[in-house]
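Asker: Sequence unavailable; structure follows:
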């Protein structure tokens, strides 16, 4: 870190900062500038509370230099990670092929999930999404069909071979979800539910981690680090849009996070244009843009009857729209020497 | 809700929307304007997925009319709620007196918590805050001292009579926290941890619910509604700042939320200027501003040695600064015919 | 507009609102719901101050229904506009071909602008950008080379045939800029400089209008409407990123604005990934994503020696990177049945 | 500035950075850390384009250390500035007394402005606001009554002795506005209209500079610096709220900017809770909060008949509400040892 002293800080104040640095078992380098003195701190300060210096008299501010995550960092592991989604299959994310996970927001019935599974498989998806446990802002809204939905998802896998991706909302749901699903999804609202992150880090199935509604990339990677630190390095990062002042979308989808994450981390990056816009008419264009930006995968809400979807109808496309979109992203992927 | 049709929507499209409204057991009122047709929907649509209409051909957008929360709403309960913080004491929030809860970010030791408790009690606080379980963005940071810290807090209560407010991060921590604390705090990152909200709703101690980092007031009140719907109507709302583009603060503290919440809900509103700014030099002024804006309570981080605080030193004030602040907010409170 | 009354509004309060509506020469339609009364207002209220109802007792809020712009709206003109950039040439934006405008942030010297012009022309650009008048946040920064720079730009046009796009910052600069340039650029910071918008609306050359740093799409289209209302309907909309809490970029580039603008307006949409990210390493990927999202044009900062650029070096790519990018966007454009 | 090299940057890359620093006539200090090398740059780099280093191979990012403004900085002038608003009167801002400027959004008629002037004078205001030239997002909205309005304002001054504050939107309006007004207001949308800033810097009347809708404090102070650098150091900073995702207000009013600006600059700080909330029912509480936060002045929209205000009715309070608010802020001011 670099500690910037106020203009006019006294030598005694600088000395006090130096003492504090040494107490932390770090080394300092004092640089006297023309207008300000700066104390550069040498050593690994990731586990220190850097902000504490801001309370010290004479200190203007503290600038962190080292990124606080390690295992997720591309500095530690330079080659891109390829994450297998299910043992003994070719389904994976992070390689040359852009993989698409599609399905309804909520599992509604055995017939619904089966019908959609066949449709998205046909169009080229590698995974099936669908929520059995649903985090809902409104306590009066449908809260998910529960465990039975997990079984229907598993049956859809038997029928189609698709990888099953579904959300786990709470520590106590992990055994049931891990029994039936291939990939455990952590929702945006739980990105900093640290107890949940630690718990899914202690089981072996891959994690699809959604970016929080207003998370920085650093916070996002630190959430991944929580999972990795507890033993599970199979983490997929999912950009799903952020909250801004924009009002024509449910969320603003900042696609520059895709190349930036590829610079910062070795983990694969999936984009969810359904939540990332909240409007079905924007989804196909943003799927194309996400692939062009370099996304390793897409997560898309598809419903056989959006008008009667129990949840998120407004952002779901239908199987026919999905099929057309899949054809076009294949062409986009090839234009950047990938495949879909 | 009001469903706005696109300019040029066909009579058949309008008819289809009307059919959908009736299928939902609601009534419609079609208004043909000079440029657009609008379908006003009559009846309680709180439990319906209103956005589903946005997928329908010919629909431009959907405008909700009814607020989705009920129990938290000032329409249902007009008089302000006064929440007792501990049985058989006068400690309460929501009345004429502005109550202050103060203490360190983290419980560090028995001596630390006892010293700070005495200091803040002396200066006029009614409650003691301090985290034994700490949600930390960084998995390598100090994660809280755990259950022993809860006992030290309880001992500080024995010594001072202060009400104990401490965070519960996970469902499995509820029994221990509820045993020792008077008020259970739900942190900003858990504001939409719905399983946790439901669980604290099923126990009787008051809940201090922090606003999420980028929560709207509607989402904030829906989170309170989760707790209330499950049986616990003793909810304190805590404004702790929101994430914006501003970079001189850790969070932007939007104090207009105080009078707006007082308009929307009967629940008391507490302001946390420590997290709401992240900078100790801004805390006293923002405490004064919060009281002037009508806050029912304050939550303030106070540390006996901020330079060596294990967490959040940068936003902690010391007991001397706290004492001076308490004197001034008493004067501010009196200037608006309240007390502190 | 729809005026939502408070729960419990009295008949007299509703009557008062109805009176006000009639005073405005509009018609009302009162809908008594189960919990609230709503007053739907019929007629063109674009020129009325709708918010005035919010001061009236018993009114909860006002919901506008009609978009306030007309000439820019796709409801008024359904087919997409194709804007010729220079008479007697084929340079245009809005058709099947994605047009690229490239060049340095600032015009620095005759040699520099000439060298870059040749390089970008060679790689396939149709336009040359370069600022002679520079809006700078910092009064001590380089403020642009001034009128002489306009002449160098015009000379570069003679040499290459490229269309010249350059910024006009003030009403008094219009004659000089319009003399030398083909397209007048209005910068993001001037998007709501209404006097400037009116003035460029009164001259005939096309306008490239940049989206303001935190403009909504409605405000963006209203700014275009200012230009069009004063006589000039040759407006190109340029998405250049918005201000959010994200800190790894200078601006967040929200590409969903491209298909949304195509839905709302007939005007062409250009994307500027240089300002939209502020980081040269993100520019090529975001150029590709913008084209895939449906952009009609790109505006890209290219410098022959970014390390020594007088301004915006950090977001400029060099001619070699530009050439590679041009090749890849051509492939992307073809993948969506366009060309570049 | 501090230039942070990437992990693994080569000695040659570091050497190249050092060369560039020296070319800029600055000095460097290379610090080799355990994980990264950092180049600290010594000397005044305010006029250099610091971001240029970000294009250099091996550079991770650049951290500015020196604030780019000088004349506005509290480092250059330590005592707070007191700005006289009109010669030969006691009206001033920046001293112990909190001054209030009040009046309608728009000047509508001679009678209206006179009636409001008397009412706000009576209640204790020191200044009268009112727009004759109105920046409006919508080209079809009322654009201000023009020069005649300036005369009515001047007449109201004759009658009441109030200081006149009114907006100047364009360079060509300066002579007329400066002839009739005492203080020239630069609106939020013009905060970075640099030509206008330079022009008002060349005339002697005080400037009330509104913070831009999404301006950082640094950009705000740089805008003030533009005015000061061109000769006019009589600048009042006006916080009027910022754009965030919040939707119950027109803008989010971040009052921590008041004490932070007092730390960064010697210029007085005025708060405008009318634009800062956009809702008249929130204005009085936020006036109180602003004074408690340390504001040197308030700017408040007051209309004798808000329901029929031509503009901004929704955020205007009436004279009776204004009078009550003035009484309460006087008490708040006294509670912090000021006066109002």
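Answerer: Sure, I can see it. Remember, it's a predicted structure, so these values are computed and weren't measured experimentally.

Asker: if I look at residue A:186, how far off is residue C:289?
Answerer: Distance of residue A:186 to residue C:289, given as CB to CB, to the nearest Å: 26 Å. In short, each C-beta sits where N, CA and C put it, glycine included.

Asker: The two - which one has more neighbours?
Answerer: Remark: of residue A:186 and residue C:289, residue C:289 carries more neighbours, 32 against 25, as counted by other CB atoms under 10 Å in any protein chain shown.

Asker: so that one is in which element?
Answerer: Element membership of residue C:289 [criterion: DSSP states H and E] is helix C:283-292.

Asker: in that helix, what's buried?
Answerer: C:283, C:284, C:285, C:286, C:287, C:288, C:289, C:290, C:291, C:292 (16 or more other CB atoms under 10 Å in any protein chain shown).

Asker: and the closest residue in space to residue A:106 that isn't next to it in sequence, what does it touch?
Answerer: Distances taken as CB to CB, 6 or more residues apart in numbering or on different chains put residue A:311 closest to residue A:106, at 4.6 Å, once the chain neighbours are dropped. By CB atoms under 8 Å, 6 or more residues apart in numbering or on different chains, the contact set of residue A:311 is A:105, A:106, A:131, A:134, A:136, A:141, A:142, B:49.

Asker: Which two of the residues you listed have the greatest separation?
Answerer: Based on CB to CB, the longest span within the contacts of residue A:311 runs between A:131 and B:49 and measures 13.8 Å.

Asker: who's more crowded, these two?
Answerer: Applying other CB under 10 Å to residue A:131 and residue B:49 shows that residue A:131 carries more neighbours, namely 24 against 19.

Asker: mind checking how far the more buried one is from residue A:165?
Answerer: Residue A:131 is 10 Å from residue A:165, by CB to CB.

Asker: ok, now residue A:25?
Answerer: 44 Å.

Asker: got it, and residue A:143?
Answerer: 19 Å.

Asker: can you check residue A:67 too?
Answerer: From residue A:67 to residue A:165 the distance is 28 Å (CB to CB).

Asker: Which one's more surrounded, those two?
Answerer: For residue A:67 versus residue A:165, neighbours defined as other CB under 10 Å are more numerous around residue A:165 (26 against 22).

Asker: Could I get the contacting residues of the more buried one?
Answerer: By CB under 8 Å, 6+ apart, residue A:165 lies in contact with A:101, A:127, A:128, A:129, A:181, A:182, A:183, A:185, A:208, A:299.

Asker: So which of those residues are in strands?
Answerer: A:101, A:127, A:128, A:129, A:183, A:185, A:208, A:299 (DSSP state E).

Asker: Let's have those in CSV, adding pLDDT.
Answerer: Listed next are those as CSV, based on pLDDT from 0 to 100:
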residue, pLDDT
A:101, 98
A:127, 98
A:128, 98
A:129, 98
A:183, 98
A:185, 98
A:208, 98
A:299, 98
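
Asker: Would you list the buried entries among those?
Answerer: Listed as buried from the ones in strands among the contacts of residue A:165 are A:101, A:127, A:128, A:129, A:183, A:185, A:208, A:299; burial here means 16+ other CB under 10 Å.

Asker: As JSON lines, the residues you listed with distance to residue A:318 would be great.
Answerer: Listed next are those as JSON lines, based on distance: CB to CB, whole Å:
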{"residue": "A:101", "distance to residue A:318": "17"}
{"residue": "A:127", "distance to residue A:318": "18"}
{"residue": "A:128", "distance to residue A:318": "16"}
{"residue": "A:129", "distance to residue A:318": "15"}
{"residue": "A:183", "distance to residue A:318": "24"}
{"residue": "A:185", "distance to residue A:318": "23"}
{"residue": "A:208", "distance to residue A:318": "24"}
{"residue": "A:299", "distance to residue A:318": "17"}
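
Asker: Low-confidence bits of chain A, can you list those?
Answerer: Along chain A, the model assigns pLDDT under 70 to no residue.

Asker: Now do the buried residues in the lengthiest helix in it.
Answerer: Criterion DSSP state H: the longest helix present in chain A is helix A:319-335. Residues of helix A:319-335 classed as buried: A:319, A:321-323, A:325-326, A:328-333, A:335 (neighbour count, 16+ other CB under 10 Å).

Asker: cool, and stretch A:107-122?
Answerer: Under 16+ other CB under 10 Å, the buried positions of stretch A:107-122 are A:107, A:108, A:112, A:113, A:114, A:115, A:116, A:117, A:118, A:119, A:120, A:121.

Asker: That stretch and chain B, any residue contact?
Answerer: No. Using CB under 8 Å from any CB of the partner chain, stretch A:107-122 never reaches chain B; the gap is at least 12.0 Å.

Asker: And for that stretch, what's in contact with it?
Answerer: Against stretch A:107-122 from outside (CB under 8 Å, 6+ apart): A:100, A:102-104, A:128, A:130-132, A:144-145, A:149, A:152-153, A:155-157, A:159-162, A:166, A:302-304, A:309-310, A:319, A:322-323.

Asker: Spell out which parts of the stretch 151-300 of chain A neighbour chain C.
Answerer: Applying CB under 8 Å from any CB, we find that the stretch 151-300 of chain A lies next to chain C at A:214, A:216-217, A:242, A:244-249, A:252-260, A:263, A:276-277, A:279, A:281-282, A:285-286, A:288-294.

Asker: returning to that earlier point: of the ones in strands among the contacts of residue A:165, closest to chain D?
Answerer: residue A:299 (23.3 Å; CB to the nearest CB).

Asker: what sits against that closest one?
Answerer: A:100, A:101, A:102, A:129, A:165, A:208, A:238, A:240, A:270, A:271, A:272, A:274 are the contacts of residue A:299 under CB under 8 Å, 6+ apart.

Asker: Name the nearest residue to residue A:319, ignoring sequence neighbours.
Answerer: Using CB to CB, 6+ apart, the nearest residue to residue A:319 is residue A:119, at 3.8 Å.

Asker: which SS state does that neighbour fall under?
Answerer: helix (DSSP: H, G, I helix; E, B strand; the rest coil).

Asker: gap between it and chain B?
Answerer: 17 Å (CB to the nearest CB, to the nearest Å).

Asker: now the helices for the stretch 151-300 of chain A?
Answerer: A:174-180, A:194-201, A:217-229, A:257-264, A:273-277, A:283-292 (DSSP state H, counting those that start in this stretch).
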